[in-house]
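Asks: For reference, the sequence and a predicted model appear below.
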Amino acid sequence: MQEELVLILNFGGQSSQRIARMVRELKVYSEILPYNISLDRIKSLNPKGIILTGVQENSNTSIGEKCYKQISQLGIPTKIVDEPDSDEIKNFLFDSCSCQGKWDMTSFIETAVDKIRQRVGDKKVLCGLSGGVDSSVAAVLIHKAIGDQLVCIFVDHGLLRMNEGDEVEEIFKDQFNLNLTRVNAQDRFLNRLSGIADPEKKRKIIGEEFIRVFEEEAKKIGKVDFLVQGTIYPDVIESGAGDANLVKSHHNVGGLPEDVDFEGIIEPLRDLFKDEVRRVGEELGIPKHMVWRQPFPGPGLAIRIIGDITQEKLDILRKADAIFREEIALAGLDKEIWQYFAVLTGMKSVGVTDGKRTYDYTIALRGVTSIDGMSADWARIPYEILDKISIRIASQVPRVNRVVYDITSKPPATIEWE
Ligand code: XMP
């Protein structure tokens with residue numbers, strides 16, 4: 001239990017997350033709950049204060065006022081906030097609620113480490129490490145708490161970017177001393193994907209194979225007691241925890257191995273927003289470029305090769321993508337662009353190299369700006385930088401004779417091409 005908690009009761013609208021984040025920025029831990037939570041539950045959480053959000057934004061005004069009256073009788077400072085204004089929130093937290101504001105990533109880590117130790121005792125924990133931000137931070141945090149009682153499995157499906165697999169192994173096994181097994185399953189995945197062009201079939205095969213490899217490896221370890229999941233707070237909210245309408249069930253949950261025998265799940269990041277997870281990662285000493293990296297889809301490069309996947313196509317795409325990312329970082333644009341990557345289009349066209357006709361692949365470059373990936377605008381990368389990237393890719397990557405830049409936003413296009 002956090003020492004200082006301020007509850008955000010969500011009556012609808014979009015403001016609850018913004019307000020929760022503002023409160024946390026002021027170093028007071030906050031949680032979003034649906035407005036119809038019982039008074040007993042509120043009392044049991046023992047909050048320092050309660051903020052009601054979204055009251056004016058929809059037709060719940062009368063419910064909001066009724067709730068406000070009931071909650072006020074608990075004797076806990078309560079306030080309706082609709083247009084979040086930091087000064088107003090600051091005054092509420094520090095004057096009305098007498099908060100001290102001591103919550104930050106350091107205190108989060110201390111509390112989390114204690115909780116993990118208490119829950120795990122001398123038992124064994126298994127974690128699937130992908131090299132993505134959430135699983136990496138979860139693994140390092142748990143390792144800090146229980147050391148080698150944590151066993152990590154990294155399934156390398158061969159669909160990662162240039163050097164990524166080696167880097168994951170190097171950082172987590174060699175630097176952090178995690179008990180990590182890398183499963184080199186590249187050939188298995190390539191075999192199963194052979195001849196498959198349909199994007200949804202690719203996703204399904206990769207998902208299934210992933211679980212299968214993970215289960216096989218977990219069996220070798222023997223009995224484990226807990227399994228780690230990298231759930232973060234937006235996943236929890238999306239599953240309905242803070243949702244006034246309780247309509248959505250979360251789509252990432254699932255995909256848990258069925259054949260692994262374990263008694264519970266550990267989700268050490270389930271209270272954190274994404275940028276908080278990144279800050280915890282930094283605090284734990286995970287390299288900045290890993291912690292702040294762009295989103296990368298689970299099926300990896302498989303959905304950035306249009307049509308069927310071969311080793312040759314993967315090699316081509318990896319080289320082109322590495323050049324693109326290197327140049328964007330050199331230009332200092334990596335923080336501004338939400339996602340930027342290369343796509344190997346299934347298209348070949350005529351070109352000319354050293355006076356000879358070629359008939360080779362087209363690489364498409366995709367760069368988008370976005371807040372949450374739900375909608376996106378194509379990134380206005382300066383022409384000179386695009387020019388440099390195009391020249392390098394066309395001359396340094398074999399079998400590529402044409403480079404194009406995708407100037408479509410989402411909608412109507414998606415960020416990925418498949
Ligand atoms: P789209 O392409 O739908 O992508 O505009 C939105 C965000 O989701 C990522 N994405 C995926 N992530 N598995 C994932 O883990 C997937 O199958 C997948 N497809 C898309 C995409 O990279 C973007 O950040």
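Replies: In hand now; what should we look at? Not measured: the values here are computed from a predicted model. Numbering: from 1, shown residues only.
Asks: Only the buried residues of the helix or strand in which S390 is found, if you could.
Replies: Element membership of S390 [criterion: DSSP states H and E] is helix 383-396. Using 16 or more other Cβ atoms under 10 Å as the test for burial, helix 383-396 gives 386, 389-390, 392-394. Where C-beta positions appear, they are placed from N, C-alpha and C, glycine not excepted.
Asks: same thing with stretch 213-222?
Replies: 213-214, 217-218.
Asks: what ranges do the strands span in the stretch 251-400 of the chain?
Replies: 264-266, 339-353, 356-369, 377-378, 400-405 (DSSP state E, counting those that start in this stretch).
Asks: if we can go back for a sec, just send the buried residues of helix 383-396 back as CSV, with distance to the ligand and pLDDT too.
Replies: Output for the buried residues of helix 383-396, formatted as CSV (distance: Cβ to the nearest ligand atom, whole Å; pLDDT from 0 to 100):
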residue, distance to the ligand, pLDDT
L386, 21, 98
I389, 20, 98
S390, 23, 98
R392, 24, 98
I393, 21, 98
A394, 25, 97
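Asks: C-alpha coordinates for the helix or strand of the chain with the lowest mean pLDDT, PDB please?
Replies: The helix or strand of the chain with the poorest confidence is helix 61-72; it has a mean of 84 (mean pLDDT, DSSP states H and E). Below are the C-alpha coordinates for helix 61-72, written out as PDB (Å, rounded to 0.1, in the frame of the first residue of the first chain):
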ATOM      1  CA  THR A  61     -23.800  15.900 -13.500                       C
ATOM      2  CA  SER A  62     -26.600  14.900 -11.100                       C
ATOM      3  CA  ILE A  63     -25.000  11.600 -10.200                       C
ATOM      4  CA  GLY A  64     -21.800  13.500  -9.700                       C
ATOM      5  CA  GLU A  65     -23.300  15.900  -7.300                       C
ATOM      6  CA  LYS A  66     -25.100  13.200  -5.400                       C
ATOM      7  CA  CYS A  67     -21.800  11.200  -5.100                       C
ATOM      8  CA  TYR A  68     -20.000  14.400  -4.100                       C
ATOM      9  CA  LYS A  69     -22.400  14.800  -1.200                       C
ATOM     10  CA  GLN A  70     -22.100  11.200  -0.100                       C
ATOM     11  CA  ILE A  71     -18.300  11.200  -0.300                       C
ATOM     12  CA  SER A  72     -18.000  14.500   1.400                       C
END
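Asks: Could you see whether the ligand lies near whichever helix in the chain runs longest?
Replies: When the chain is parsed with DSSP state H, its longest helix is helix 199-221. Yes. Using Cβ under 6 Å from any ligand atom, helix 199-221 comes into contact with the ligand via R203.
Asks: that older thread, tell me the one of the buried residues of stretch 213-222 nearest the ligand?
Replies: Of all the buried residues of stretch 213-222, the ligand sits closest to F214, with 15.8 Å by Cβ to the nearest ligand atom.
Asks: was I right about the closest one contacting P257?
Replies: Yes. If you go by Cβ atoms under 8 Å, F214 and P257 touch, sitting 5.6 Å apart.
Asks: so what are the domain limits for the protein?
Replies: Following automatic domain parsing, one finds the domains of the chain at 5-96, 105-289, 310-405.
Asks: Okay, now the unreliable bits of this structure?
Replies: 1-2, 58-60, 240-256 (pLDDT under 70).
Asks: and it, which residues reach the ligand?
Replies: Residues of the chain lying close to the ligand by Cβ under 6 Å from any ligand atom are 203, 295, 297-299, 339, 373, 410, 414-416.
Asks: Now list the buried members of those residues.
Replies: Burial by neighbour count, judged by 16+ other Cβ under 10 Å, picks out 203, 297-299, 339, 410, 415 from these.
Asks: any chance you could map the helices in the protein?
Replies: Using DSSP H, the helices found in the chain span residues 15-25, 39-45, 61-72, 86-91, 105-120, 133-146, 164-169, 186-193, 199-221, 233-238, 274-283, 288-291, 311-330, 383-396.
Asks: most packed of those?
Replies: Highest mean neighbour count of the helices of the chain: helix 133-146, a mean of 24 (counted as mean count of other Cβ atoms under 10 Å).
Asks: Nice, that's everything, thank you.
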